[in-house]
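Student: quick one, fold the following:
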Amino acid sequence: MRFHFPDQCSREQAEPGRKNLLTKTVEANVTPNNSSRSFIETGEQHHGCRTPRTLSCLHSFCEPCLELLLDKQKGTVTCPECRAVSDLQGCVRNAKASFFINSLLDLFRSKTTKQTVCSLCPAFGKSAVPASSRCLDCADFLCASCAQGHCLSKLTLGHGVVSLQEYVAGCYDEEARSKQERHCQSHQEPLRFYCNTCSSPICRDCRMLEHFSHQVLSLTQATTARRPQLEELIGSLDGNMRSLSQHEQEVDSAIQQLKEAESTITDQLSGHISVILEQLFAQRDAVCKDLSIFIEQQEQKYLSIKKDLCDHINSAQNTKDFSSQVMEKGKDYEILDLEETIQGQIERLQKVSIPDIERKTPLLMITEDKDMSSGIFQLIFDTHTDSQESSTVSDVSIKQESQTSAPVTAETRPQTAMTLQAQPPQAEQHTVCPSPTFIFLRSFDTDDDESSNHENITGISLCPSRDIVIADNSNFKIKRIMRNGQTRETINTDDRGWNDIQPFNVAVCDECIFFTSGSRLYKIPADEDDDIVQVCNLRGSHNEYCIAAYGDKYIAVSESTSCSLSLYDPRGILVDRVKPDDYEGKFVYLAVNSWEEFVVCDTLKKCIIILNRGGEILNICSSADSFSFHPRSICVDKWNNIYAIEGKRIMQFSRRGDFVQQLLSFSGYTPKLIAADDHGHLITVDKKGNIRIYRSQL
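Tutor: Residues are numbered from 1 along each chain as shown. Below you'll find the model as predicted:
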């Protein structure tokens, strides 16, 4: 229970304009923070209302309330007013008893009793009579008769007897407070002395008994000695408050400065963005104008060619119709007469030169450049056409990753891999595999709001239809994604009537999707809608197996620390096993090139191994560009070039495993898996399912 003093200012007072003592004390002293709220609450029925105790923060509470606030484990009380912590060592009685608050309570209760009766009449055996006066010295309520006798008695002649009405109105609060005495709880004597040794007020009996040998002063002497120091200490609060007020102003100034900085930066951003937008729109308009001119010119060329072709077709059709009429209805001499003319016309028509159609497709390149004014949009014109690609190649979200190194020729690139056994066939010595560069085409996300977990893409493969197949390990899903970013099909692998199937790696063989889950190989047949068939159990008991397809012939399974590859046909029958002799490592990602050579990533030895079908190690590459590297996902393109992901880089190697170049590097994108198709495209995907497509330029 908090202690509150009721406001007496509304009562009529005997002296106009004078505040009663109780109100002034509440406002000036009782509340340490000078709050407008009063601090003491009436609670005559509360058991602890007469035992207020003051915490170290100078807020006072009754003992029962302190018991509720006491943290028994720590032995502390947290003040509900200011949140200051006072250490009471586990007992609320260790808090100082507030004599000051008790005195104010006594004064308050003496003025708020509902029916005040004479304190002396019952002692004389009389019935209770309403009191009309109050003795400030005896603290007794007196009726009119007792008040008269009290003033005539020799013992009480000098006592201050005042009107009860004026006393309740607060006219004598100061006099009442000056005559209040606190009595010793042990001896019921007034507290008139102060023990310096124990730092506590004592009575006369205490002084003669347990405090006899202590240093004792009168209360007046002790107060006189301590008052200057205490007043000086209280006065020091003025400087402290000024300092706090100054700091408060500094905080307000800092907040204002933050708001001004926010406003300034917002205006700067808006202005800068407006300038950039103007530049971008200007560049857009320029590119659109160039594109429109190019389209119009190309269209005119095509229309001109089409007109010539139509004229030739009409001429040929007319020649055929006329010649057929002559042959059908003409007489012999007429046919012979027109033979030479018809033959000449047909020969002229057959010698007509059909112009080549220069089929140029415009592509938009967006280069990331810090200087927007230099132009980030560029039109390029590709002579290669592809019906499936052209529908999405003009996506405005195209970005180009900066290429960190130029293509390196076979004569100048460093020989960083060591050839161990086999030599390339004679036919290959005369075959030069091209080293393409790549341009960025488009990117898109494959995540959806229906997924309950964050995406974790652990497998990627490509369908003959050019769809991209990915495995989402966390959400038990396999997705078929079109090159324009749309999802063609989502296959859920959970809730199959047995344990949930958690797909790890995928490969497409014989138009069927194969994937691994645990130590099992599964298949999704092309002719059965959303059905999953367990093909076989894999060798070993690993949790993760990577797979790759060799055309429509078989699925190659990488067997981790066994350092071997098992080959299964589409029916799940083991057709062969590839294992190098005396090799230890950890086979993870793999790919198969058109020479039926296996490119395997060894994550334990941090290298790339090239094996033939007989298990011979053709090459081991353990470094790139004179630096060691940690390859992860790998793939091969249609020219049998090898591509490996290492951190935020994509490295290119020749078919034999020789380092060629650092093909691509990234800043805000971390590729996890990589795949290549037979059309010169390179596809990467990160853990969250963001797919990027690149196109080769020879």
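
Student: gap between the closest residue in space to residue 222 that isn't next to it in sequence and residue 545?
Tutor: Closest residue in space to residue 222, ignoring its immediate chain neighbours: residue 194 at 3.7 Å, by CB to CB, 6 or more residues apart in numbering. C-betas here are computed from N, CA, C, even on glycine. As judged by CB to CB, to the nearest Å, residue 194 and residue 545 stand 89 Å apart.

Student: what are the boundaries of the helices in the stretch 101-250 of the chain?
Tutor: For the stretch 101-250 of the chain, the helices defined by DSSP state H, counting those that start in this stretch occupy 144-152, 164-168, 173-179, 204-208, 219-329.

Student: how about those in CSV, adding mean pLDDT, mean neighbour count and distance to residue 73?
Tutor: Shown next, in CSV, are these (pLDDT from 0 to 100; neighbours: other CB atoms under 10 Å; distance: least, CB to CB, whole Å):
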stretch, mean pLDDT, mean neighbour count, distance to residue 73
helix 144-152, 81, 16, 56
helix 164-168, 77, 18, 47
helix 173-179, 70, 17, 41
helix 204-208, 90, 16, 36
helix 219-329, 88, 11, 33
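
Student: of all these, which lies closest to residue 597?
Tutor: Minimum separation from residue 597 across the helices of the stretch 101-250 of the chain (CB to CB) falls at helix 219-329, 43.6 Å.

Student: next one: that closest one to chain centre, how far?
Tutor: Averaged C-alpha coordinates place helix 219-329 at 22 Å from its chain's average position (CA atoms, centre = their mean, to the nearest Å).

Student: packing partners of that helix?
Tutor: Counting contacts by 3 or more CB pairs under 8 Å, 6 or more residues apart in numbering; DSSP states H and E, helix 219-329 packs against strand 193-195, helix 332-350, strand 361-366, strand 377-382.

Student: tabulate the ones you listed in a markdown table, adding columns for mean neighbour count and mean pLDDT.
Tutor: Below are the helices and strands packed on helix 219-329 laid out as a markdown table (neighbours: other CB atoms under 10 Å; pLDDT from 0 to 100):
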| stretch | mean neighbour count | mean pLDDT |
| --- | --- | --- |
| strand 193-195 | 20 | 91 |
| helix 332-350 | 12 | 84 |
| strand 361-366 | 16 | 76 |
| strand 377-382 | 14 | 75 |
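
Student: which of these sits closest to residue 598?
Tutor: That would be strand 377-382 among the helices and strands packed on helix 219-329, by CB to CB, at 34.1 Å.

Student: tilt between the closest one and helix 219-329?
Tutor: 30 degrees (axes from the mean of the first three to the mean of the last three CA atoms, to 10 degrees).

Student: how far is strand 377-382 from where the chain is centred?
Tutor: 38 Å.

Student: and for stretch 593-610?
Tutor: So, by CA atoms, centre = their mean, the centroid of stretch 593-610 is 38 Å from its chain's centroid.

Student: how about a markdown table for the helices of the stretch 101-250 of the chain, with distance to residue 78 added?
Tutor: Compiled in a markdown table, those are given as follows (distance: least, CB to CB, whole Å):
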| stretch | distance to residue 78 |
| --- | --- |
| helix 144-152 | 50 |
| helix 164-168 | 38 |
| helix 173-179 | 32 |
| helix 204-208 | 34 |
| helix 219-329 | 22 |
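
Student: residue 558 and residue 592 touch, don't they?
Tutor: No: in this structure residue 558 lies outside contact range of residue 592 using CB atoms under 8 Å: 11.1 Å.

Student: for the two, list the residues in contact with both.
Tutor: Any residue near both residue 558 and residue 592 by CB atoms under 8 Å, 6 or more residues apart in numbering counts here, and that gives residue 548.

Student: with neighbour numbers in mind, choose between the two.
Tutor: Counted by other CB atoms under 10 Å, residue 558 and residue 592 do not tie: residue 558 has more neighbours, with 26 against 23.

Student: contacting residues for the more buried one?
Tutor: The contact partners of residue 558, taken as CB under 8 Å, 6+ apart, are 545, 546, 547, 548, 565, 587, 588, 589, 590, 600.

Student: for the fifth one, phi and psi?
Tutor: So the one you mean is residue 565. In terms of degrees, to the nearest 10, the main-chain angles of residue 565 are phi -120, psi 130.

Student: near the residue nearest to it when sequence neighbours are not counted, how many other residues are there?
Tutor: Residue nearest to residue 565 in three dimensions, not counting chain neighbours: residue 578, with 4.2 Å by CB to CB, 6+ apart. By other CB under 10 Å, 18 other residues sit near residue 578.

Student: for residue 578, give me its contacts.
Tutor: Counting by CB under 8 Å, 6+ apart, residue 578 has contacts 556, 564, 565, 566, 567, 598, 611, 613, 614, 615.

Student: isn't the first one up against residue 590?
Tutor: Pointing back at residue 556 there. Yes: with contact defined as CB under 8 Å, residue 556 reaches residue 590; the gap is 6.2 Å.

Student: overlap of the contact sets of these two?
Tutor: Taking CB under 8 Å, 6+ apart as the contact rule, residue 556 and residue 590 both touch 547, 548, 565, 598.

Student: mind checking pLDDT for the last one?
Tutor: The predicted local distance difference test score for residue 598 is 96.

Student: what do you get for the first one?
Tutor: With respect to pLDDT, residue 547 scores 95.

Student: is it bridged to anything, and to what?
Tutor: Beta bridges link residue 547 to residue 557, judged by DSSP bridges.

Student: same check, this time on the last one
Tutor: In this structure, residue 598 bridges to residue 592, residue 611 when assessed by DSSP bridges.

Student: for it, which residues are in contact?
Tutor: Residue 598 makes contact with 556, 565, 578, 590, 591, 592, 610, 611, 612, 613 under the criterion CB under 8 Å, 6+ apart.

Student: what do you get for the third one?
Tutor: The contact partners of residue 565, taken as CB under 8 Å, 6+ apart, are 556, 557, 558, 559, 577, 578, 579, 587, 590, 598, 600, 611.

Student: give me phi/psi at the residue most central in space within the chain?
Tutor: Note on the chain: the residue nearest the mean C-alpha position is residue 454, at 12.7 Å, using CA atoms, centre = their mean. The phi/psi pair for residue 454 (degrees, to the nearest 10) reads phi -70, psi 140.

Student: and what of residue 443?
Tutor: The phi and psi values for residue 443, taken as degrees, to the nearest 10, are phi -140, psi 150.
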